[in-house]
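Student: Generate a structure from the sequence data that follows.
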Amino acid sequence: MKAQMIYFTENGGKCAERLLRGLDGIPEKQRLIGELSVTGSSELIMPLRKFVGDCFYRFDALIFVGAAGIAVRMIAPYISSKATDPAVIVIDETGKYVIPILSGHLGGANAAAQEMAEILGAEAVVTTATDLHHAFAVDDFARENRLTVTDLTAAKKIASAILSGEKVGFFTECYIEGDCPEELSPDEPGRLNIVLVRKAGSLRAAKNDQMLVLIPQRAVLGIGCRRGTPKEAIAAAVESVLKTTGLSIDEIAEIASIDLKKDEEGLREYAQDVKKHLRFYTADELNQAPDGFSYEHSDFVQKTTGTDNVCERAAVLAAFDADENRGEVKLLAGKTALNGVTVCAAGFSVKTPRF
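Tutor: Here you go, the predicted model:
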């Protein structure tokens with residue numbers, strides 16, 4: 001999880017330093033927050049709201065050290081969907097309370113808050129019902145195992161049923177580690193059921209509003225486009241690449257591009273339609289994409305954006321961010337151009353699910 005922390009006072013800065021020191025003492029693979037950038041409000045050369053907006057699309061989590069009201073007002077214009085919004089967490093400047101306020105489960109805010117609270121010796125103020133009752137949360141399970149929740153309404157029904165004491169059926173096509181939670185009935189159908197499939201499409205015909213299908217994520221999309229490109233053109237280009245690779249949009253973890261496109265309406269609308277998180281990289285970050293991939297060079301793109309290739313470099317970077325094994329990333333489809341849109345797909349290792 002890549003996170004951006006913002007503090008507003010001297011005491012807030014000291015709290016941020018404590019958190020950084022604490023994270024440095026934990027091996028990266030053993031912590032949820034892998035990379036933390038820290039910025040004081042006095043350092044900003046742009047309005048705070050614009051800075052927050054930029055970070056909203058570039059990071060997995062935003063952490064405010066200060067008043068919750070400031071955080072709420074700053075993120076309000078950018079909130080879109082629980083399927084795509086980053087985790088947002090507030091810490092008071094004394095480091096006494098850590099409060100997740102957005103994307104507690106799918107975004108990982110609750111888990112990140114617990115981790116930071118342990119480091120700071122603080123109290124994590126978690127308000128979601130399944131956490132309060134220590135109950136199985138299907139959206140948490142999905143996030144931890146990189147699974148796509150295909151129906152958020154069904155997920156809400158399942159959470160409500162579990163909190164009411166109702167057993168939920170659980171079926172899987174995949175090997176799964178760990179013991180099945182007591183709230184689930186393995187291989188026994190219930191009024192509501194969770195089905196973990198191996199590949200997208202296996203249960204498409206059987207899907208109904210009493211069944212939640214979870215699909216393993218295995219790739220990311222890199223997208224570049226001309227200014228003002230409509231979402232329909234982006235959708236058509238993506239469909240072409242998905243068809244070429246045999247992927248479903250449900251197997252896509254997120255969409256990556258250059259930060260120059262963070263205000264591109266068509267791209268944002270498309271991502272919202274397919275419920276995918278948008279991740280943006282600066283030109284400098286794209287230029288540092290790992291070697292070993294044949295990035296298609298474009299002088300025009302280099303001149304206009306500062307990097308020679310947007311879609312392939314963005315996809316590879318995002319795939320490495322998603323890949324826990326750090327080495328199984330590969331381009332499944334190179335740069336494909338269609339009607340002013342460039343798309344490519346980069347695959348990463350599918351995670352073995354665990355309860």
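
Student: Can you report how many residues neighbour the closest residue to Phe293 other than its chain neighbours?
Tutor: Of all residues not flanking Phe293 in the chain, Val316 sits nearest, at 5.6 Å (Cβ to Cβ, 6 or more residues apart in numbering). Just so you know, the C-beta spots here come from the backbone N, C-alpha and C atoms, and that holds for glycine as well. The local packing of Val316 (other Cβ atoms under 10 Å) involves 26 other residues.

Student: Determine the set of other helices and strands touching the helix or strand where Ala117 lies.
Tutor: Assigned by DSSP states H and E, Ala117 falls within helix 109-120. Applying 3 or more Cβ pairs under 8 Å, 6 or more residues apart in numbering; DSSP states H and E, one finds that helix 109-120 contacts helix 10-24, strand 61-65, strand 87-91, strand 97-102, strand 123-124.

Student: Now do the buried residues in stretch 125-139.
Tutor: Using 16 or more other Cβ atoms under 10 Å as the test for burial, stretch 125-139 gives Val125, Val126, Thr128, Thr130, Asp131, Ala135, Phe136, Ala137, Val138, Asp139.

Student: go on, stretch 233-245?
Tutor: For stretch 233-245, burial by neighbour count (16+ other Cβ under 10 Å) applies to Ala233, Ile234, Ala235, Ala237, Val238, Ser240, Val241, Leu242, Thr245.

Student: Check stretch 293-312 too.
Tutor: Phe293, Tyr295, Ser298, Val301, Thr305, Thr307, Asp308, Asn309, Val310, Cys311, Glu312.

Student: Turn these into CSV, columns for secondary structure and distance to Thr84.
Tutor: Output for the buried residues of stretch 293-312, formatted as CSV (DSSP: H, G, I helix; E, B strand; the rest coil; distance: Cβ to Cβ, whole Å):
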residue, secondary structure, distance to Thr84
Phe293, coil, 27
Tyr295, coil, 27
Ser298, coil, 29
Val301, helix, 26
Thr305, helix, 24
Thr307, coil, 24
Asp308, coil, 29
Asn309, coil, 25
Val310, coil, 20
Cys311, helix, 19
Glu312, helix, 23
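
Student: Name the nearest of the residues you listed relative to Glu17.
Tutor: When the buried residues of stretch 293-312 are ranked by distance to Glu17 (Cβ to Cβ), Thr307 comes first, at 33.2 Å.

Student: show me what contacts the closest one?
Tutor: Ile258, Ala283, Leu286, Asn287, Val301, Arg313 (Cβ atoms under 8 Å, 6 or more residues apart in numbering).

Student: Show me which of these is closest to Phe170.
Tutor: Nearest member of the contacts of Thr307 to Phe170, counting by Cβ to Cβ, is Arg313, at 39.5 Å.

Student: so what's the closest one up against?
Tutor: Residues near Arg313 by Cβ under 8 Å, 6+ apart: Gly222, Tyr281, Leu286, Asn287, Ala289, Tyr295, Thr307.
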